[in-house]
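Undergrad: Got a predicted structure plus its sequence, pasted below:
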Amino acid sequence: MTMKQTTIQITGMTCAACATRIEKGLNRLEGVQAGVNLALERASVTFDTDKADEEKLEQKIEALGYGVLKPVQEEGGAETAESYKKREIRRQQIRFAVSAVLSVPLLWAMAGHFSFTSFIPVPGLFMKAWFQLLLAAPVQFVIGWPFYLGAYKALRSGGANMDVLVALGTSAAFFYSLYLTLRGVPQEMNHSGMSDGAMSGGMGVELYYETSAVLITLIVLGKLLEALAKGRSSEAIRSLMGLQAKQAVVVRDGVELSVPIEEVLIGDELLVKPGEKIPTDGIVVHGASTVDESMLTGESMPVEKRTGDRLIGATVNRNGALHMRADKVGKETALAQIIRIVEEAQGSKAPIQRVADRISGIFVPVVVALALITFLVWYFFAAPGQLGEALEKAIAVLVIACPCALGLATPTSIMAGSGRAAELGVLFKGGEHLESAHKLDTIVLDKTGTVTKGKPELTDAIAAEGFDERQLLRWAASAERSSEHPVAEAIVSGALERGIVLTHTVEEFEAVPGFGIGATVEGRRLWIGTLKLMERQAVLPKLAKLAKDDKRSESFPSAESGELQHKLEADGKTVMLIAVDGVYAGMVAVADTVKESSKSAIARFKEQGLEVIMLTGDNERTAQAIARQVGIKRVIAEVLPEQKAEAVHALQAEGRKVAMVGDGINDAPALAAADIGMAIGGGTDIAMETADITLMRGDLVGIADAIRMSRLTMANIKQNLFWALAYNVIGIPVAAAGFLAPWLAGAAMALSSVSVILNALRLQRVRG
């Protein structure tokens with residue numbers, strides 16, 4: 001079974017019922033799992049290639065009565081979803097302008113039917129029934145044609161949507177008025193202010209042309225405002241895309257050529273001049289400069305770049321010329337991966353949206369039933385025999401209940417919240433993670449590279465009696481050169497800085513995860529690592545008990561060495577013991593400094609009501625020393641990588657909602673075990689698969705921002721859902737009771753959708 005993911009841009013959706021029906025239709029196909037986002041007008045589909053393909057998916061969507069946006073060749077190239085949306089906005093603007101021009105005289109004519117507007121002069125022509133018919137017909141059947149088409153497609157596929165409600169309501173008003181116009185029924189003046197009338201050839205008839213026309217005009221206006229507001233919610237994606245370089249200077253056969261960024265190939269040599277954007281990801285071949293990487297890391301200070309250093313596309317070269325070799329292009333670059341993650345998060349569904357989906361699935365049939373009940377109650381009981389009045393109340397119920405706001409409540413907040421989070425350097429991989437993060441009560445931090453900078457330096461090299469310090473360091477550094485651990489790199493760098501020449505005679509290298517390493521150097525067998533490693537290897541002589549104030553039961557080669565290690569660890573240093581040919585030979589110590597932002601970030605966690613725990617494989621004393629510096633009270637130290645996941649499970653067993661924060665590699669089991677896994681990244685390793693949230697800026701401040709954005713987004717979603725539901729719960733009874741004219745119901749319906757979107761857009765103004 002081969003699974004494939006694809007995204008399909010859909011046209012023709014008008015409300016939550018549309019999105020729900022398409023989603024259900026796709027999920028009925030064998031081997032298909034789909035989610036439909038109304039705000040983005042997009043379906044995210046995972047399917048088994050043996051049972052379905054993209055053509056089959058598109059055919060299903062079209063069979064349900066909707067369109068699929070496929071690339072079409074235009075003068076400017078292939079049409080994108082963005083260009084399609086711009087064209088749709090322009091079309092809506094024209095529809096609204098035409099509809100408004102035709103509806104204004106009908107709205108003006110209404111002034112002649114209310115006592116409180118009797119001072120407004122109304123041209124006699126506006127009161128003529130045939131004149132009103134000529135104005136209302138184009139609005140009903142030309143401007144309103146998409147509603148009829150949408151209603152037909154929905155009903156044909158066995159569903160009902162907003163178009164059904166609009167078509168039903170406006171058609172009832174128009175055709176009833178047409179019937180009265182053709183018959184010329186004498187007018188029965190209604191002075192309640194809820195009905196409208198018109199005069200035709202001296203014969204009065206009670207008409208509702210302006211009801212249907214104004215309703216359609218207001219709904220088109222609402223759709224236009226909705227489209228404009230939706231466009232604003234995609235600003236995060238557009239701003240990220242705007243960071244990309246458009247051109248690159250490629251050096252081919254010694255000739256510099258300026259080519260579009262799309263034509264850059266892996267392996268191309270590129271020239272980046274001062275002030276230019278780095279075109280794509282790659283390696284410096286020669287040259288030196290400083291690069292502004294703030295768009296990825298948030299660090300305002302430029303980073304020095306020399307031969308062999310990595311460059312990230314869209315960052316800015318500051319002063320020197322750089323020759324680079326492209327090693328990632330197109331969708332493989334760090335920026336492209338960021339954009340992909342943000343798009344996926346914006347297009348995904350949060351679990352809370354299921355509430356809206358369940359409601360919207362049955363909403364339209366229920367509303368039609370309520371409108372029918374309203375009509376019958378008014379016609380037979382409240383206003384016996386008054387067909388026009390009963391019809392007016394039923395139309396108001398149909399229009400006020402359109403479920404647009406309900407369908408937009410969740411996706412617009414997810415779009416705005418995840419987009420703003422990305423601008424703050426926090427990448428949520430899905431709406432479910434954006435929702436889950438607000439429930440967290442415990443933050444578990446790895447030490448190295450998370451709380452600390454992750455770049456330790458060699459501070460001490462101490463040889464035991466009978467061993468030479470420089471020789472011991474030479475052996476240790478030579479052995480550690482085969483390891484990629486940060487501590488190993490510090491030992492190697494420290495030895496080289498001291499002028500020690502390393503040997504290449506290293507054999508039988510062995511890494512012991514969580515303990516240290518072993519290697520044979522110049523014929524001598526070395527073990528470098530923790531006390532537990534020394535005990536496992538039966539290093540001699542056996543150690544005397546530590547000082548009485550130490551709570552651990554382990555022993556050292558000598559009381560003196562134990563006291564020395566205690567002192568070094570108390571200073572926050574990591575100590576590695578060295579054994580040569582089974583005999584304790586000395587120790588080296590490295591120090592990893594705390595990140596400048598760690599202490600203030602941890603203070604923010606506490607302000608947010610979170611408990612902070614440090615979980616590290618380092619020894620207890622060093623971990624406690626680092627914890628004291630940043631204000632962490634609880635430390636779980638000396639745990640192996642596989643034990644970190646067990647520690648997370650133990651915390652969850654206490655009823656905690658746990659976030660694990662690490663580098664996404666050694667901490668992968670714990671990241672996967674936690675309720676939320678957060679990976680610290682520097683912009684070059686964005687696509688860490690084990691993490692639910694990636695913190696691009698490489699410090700702990702992003703955690704506080706992530707939780708804050710989650711809480712604000714969830715509050716925003718709940719506000720939207722509350723008002724969308726409350727609007728219908730309050731509006732339907734008010735309309736059914738006769739206190740809401742149809743045109744007012746239409747205005748309220750249009751504004752409800754816009755208000756939901758505008759409320760969601762408040763998230764884009766959240767400060768970091």
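TA: Ah, there it is. In this text, all values refer to a predicted model and were calculated from it rather than measured experimentally. Numbering: from 1, shown residues only.
Undergrad: Could you pull out the helices in the stretch 301-450 of the chain for me?
TA: 334-347, 353-377, 387-400, 404-423, 431-436 (DSSP state H, counting those that start in this stretch).
Undergrad: out of those helices, deepest packed?
TA: Stretch with highest mean neighbour count among the helices of the stretch 301-450 of the chain: helix 404-423 (a mean of 29; mean count of other Cβ atoms under 10 Å). Where you see a C-beta, it was placed from the backbone N, CA and C, and this is true even at glycine.
Undergrad: now it: mean pLDDT?
TA: The pLDDT scores in helix 404-423 average 83.
Undergrad: ok so, going back, looking at the helices of the stretch 301-450 of the chain, which is nearest to residue 23?
TA: helix 353-377 (7.7 Å; Cβ to Cβ).
Undergrad: tell me what that closest one is packed against?
TA: With contacts defined as 3 or more Cβ pairs under 8 Å, 6 or more residues apart in numbering; DSSP states H and E, the packing partners of helix 353-377 are helix 16-27, helix 162-183, helix 387-400, helix 404-423, helix 701-736.
Undergrad: which of those helices has the lowest average pLDDT?
TA: Across those, helix 404-423 gives the lowest mean pLDDT, at a mean of 83.
Undergrad: picking up where we left off before, what's the closest of the helices and strands packed on helix 353-377 to residue 212?
TA: That would be, of the helices and strands packed on helix 353-377 and by Cβ to Cβ, helix 162-183, which comes in at 4.1 Å.
Undergrad: need the contact list for residue 513.
TA: Counting by Cβ atoms under 8 Å, 6 or more residues apart in numbering, residue 513 touches 640, 641.
Undergrad: actually residue 263, sorry about that
TA: By Cβ under 8 Å, 6+ apart, residue 263 lies in contact with 248, 250.
Undergrad: what's the spacing between it and residue 249?
TA: Using Cβ to Cβ, to the nearest Å, residue 263 is found at 12 Å from residue 249.
Undergrad: can you tell me the distance between the two ends of stretch 254-268?
TA: Start to finish, the residues bounding stretch 254-268 are 12 Å apart (Cα to Cα, to the nearest Å).
Undergrad: Which residues does the residue nearest to residue 33 when sequence neighbours are not counted form beta bridges with?
TA: In this structure, residue 33 finds its nearest non-sequential neighbour in residue 46, 4.8 Å apart by Cβ to Cβ, 6 or more residues apart in numbering. On DSSP bridges, the residues paired with residue 46 through beta bridges are residue 5, residue 33.
Undergrad: looking at the helices of the stretch 301-450 of the chain, which is closest to residue 224?
TA: Of all those, helix 404-423 comes closest under Cβ to Cβ, at 12.9 Å.
Undergrad: Could I have the CA atoms of the closest one written out in PDB?
TA: C-alpha atoms of helix 404-423 as PDB (Å, rounded to 0.1, in the frame of the first residue of the first chain):
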ATOM      1  CA  CYS A 404     -21.700  30.900   6.900                       C
ATOM      2  CA  ALA A 405     -20.400  32.300  10.200                       C
ATOM      3  CA  LEU A 406     -20.400  28.800  11.700                       C
ATOM      4  CA  GLY A 407     -18.300  27.300   9.000                       C
ATOM      5  CA  LEU A 408     -15.800  30.200   9.100                       C
ATOM      6  CA  ALA A 409     -15.500  30.300  12.900                       C
ATOM      7  CA  THR A 410     -12.600  27.800  13.300                       C
ATOM      8  CA  PRO A 411     -10.600  27.800  10.100                       C
ATOM      9  CA  THR A 412     -10.200  31.600  10.000                       C
ATOM     10  CA  SER A 413      -8.800  31.600  13.500                       C
ATOM     11  CA  ILE A 414      -6.500  28.600  12.700                       C
ATOM     12  CA  MET A 415      -5.200  30.500   9.700                       C
ATOM     13  CA  ALA A 416      -4.600  33.700  11.500                       C
ATOM     14  CA  GLY A 417      -3.200  32.100  14.600                       C
ATOM     15  CA  SER A 418      -0.800  29.800  12.900                       C
ATOM     16  CA  GLY A 419       0.300  32.500  10.500                       C
ATOM     17  CA  ARG A 420       1.100  34.900  13.300                       C
ATOM     18  CA  ALA A 421       2.900  32.200  15.200                       C
ATOM     19  CA  ALA A 422       5.100  31.600  12.100                       C
ATOM     20  CA  GLU A 423       6.000  35.200  12.100                       C
END
